[in-house]
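Engineer: Let me see the structure of the following:
(one chain, ligands or ions: 1)
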Amino acid sequence: MSDRPVLIAGNWKMNGSLAAADAFAFQLGEHLAKTRAAAELLVCPPATLLQRLGERLRPLKVGLGAQDCHAKPSGAFTGDIAAPMLAELGCRYVIVGHSERRQFHKEDDATVRAKAEAALAAGLTPIVCVGETEAQRESGQAESVVGGQLDGSLPASGTVVVAYEPVWAIGTGKNATQADIAQMHGFLRRKLGAPGAATRLLYGGSVKPSNAAEILATGDVDGVLVGGASLAAEDFWAIAAASPAR
Ligand code: PGA
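Structural biologist: Residues are numbered from 1 along each chain as shown. Next comes the predicted model:
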């Protein structure tokens, strides 16, 4: 068994309802009753659905994650949620530094690192997101931007997952080519070096059932972070079923 088991993670973003969470868990459960997943499965719903979806996913052995956390364990931060609160609800992972947080909430690398450290301190595994914009790729800066984000966002130690999500591929239907993914993941794997030998590298950006097998078969890809296609249990399952056995 590899020390980097494939991880199929769903990011529901600001979508979903109690009824949708129940239906998703029911449908996923039907598949899992028939076929064991070859990969580790994880769903990151909005905070309002963590409790309910967590209860439904626990018997299925599907992991629960959150989409963000605050860098402090408690305090006067109206509207924010602390990592220990997520841990208490049964989360095992939390996404930090998603490009939508970096863009719409102006989170910089130092903030993302502080959040990742808070996650680790609470016993959670942070999924640290990095990725370049289309303009940065077109001007030949993809590796320098992504490398800089990695340097600035990763905690000094502790188990993390890294998700490479080119901003231009998120929610656009334009996924990166297999060669682009292989190149960036190879770059990140070399950059992580020996201390990061067990760090899983996920690809994210318009992953869907039709391209999942090719992406998951790409060198240095240890899983995927799936947005839109993770909302439908059938699509999420189809992506999970495309995982190579490790
Ligand atoms: P997408 O989103 O799969 O809808 O492109 C991916 C993500 O933002 O994590």
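
Engineer: Contact partners for residue 32?
Structural biologist: By CB atoms under 8 Å, 6 or more residues apart in numbering, the contact set of residue 32 is 60, 61, 62. To be clear about C-beta, it is placed using only N, CA and C from the backbone, and glycine gets the same treatment.

Engineer: And these, which of them are buried?
Structural biologist: Neighbour-count burial (16 or more other CB atoms under 10 Å) is assigned, among these, to 60, 62.

Engineer: With respect to the ligand, which of the contacts of residue 32 is nearest?
Structural biologist: For the contacts of residue 32, the closest approach to the ligand (CB to the nearest ligand atom) belongs to residue 62, at 17.4 Å.

Engineer: What does that closest one show for phi and psi?
Structural biologist: Main-chain dihedrals, residue 62, degrees, to the nearest 10: phi -100, psi 130.

Engineer: does the helix or strand of the chain with the lowest mean pLDDT come close to the ligand?
Structural biologist: Least confident helix or strand, the chain: helix 134-138 with a mean of 95, by mean pLDDT, DSSP states H and E. No: using CB under 6 Å from any ligand atom, helix 134-138 never reaches the ligand; the gap is at least 13.8 Å.

Engineer: Same question for that helix: list its buried residues.
Structural biologist: By neighbour count on 16+ other CB under 10 Å, the buried set for helix 134-138 is 136, 137.

Engineer: pLDDT on the next helix-or-strand element following it, on average?
Structural biologist: Using DSSP states H and E, the next helix or strand after helix 134-138 towards the C-terminus is helix 142-153. The pLDDT scores in helix 142-153 average 98.

Engineer: quick revisit: rebuild the contacts of residue 32 as JSON lines, extending it with pLDDT.
Structural biologist: Listed next are these as JSON lines, based on pLDDT from 0 to 100:
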{"residue": "60", "pLDDT": "97"}
{"residue": "61", "pLDDT": "97"}
{"residue": "62", "pLDDT": "98"}
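
Engineer: Distance to residue 191 added to the contacts of residue 32, as JSON lines?
Structural biologist: Formatted as JSON lines, these follow (distance: CB to CB, whole Å):
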{"residue": "60", "distance to residue 191": "35"}
{"residue": "61", "distance to residue 191": "33"}
{"residue": "62", "distance to residue 191": "31"}
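
Engineer: Contacts only, for the residue in the chain that the ligand sits nearest to.
Structural biologist: Proximity to the ligand, evaluated over the chain using CB to the nearest ligand atom, is greatest for residue 227 at 2.2 Å. Residue 227 sits next to 10, 11, 12, 13, 170, 171, 204 when contact means CB under 8 Å, 6+ apart.

Engineer: Can you flag the buried ones in these?
Structural biologist: Buried among these (16+ other CB under 10 Å): 10, 11, 12, 13, 170, 204.

Engineer: Contact residues of the protein facing the ligand?
Structural biologist: 11, 165, 170-171, 204-207, 225-229.
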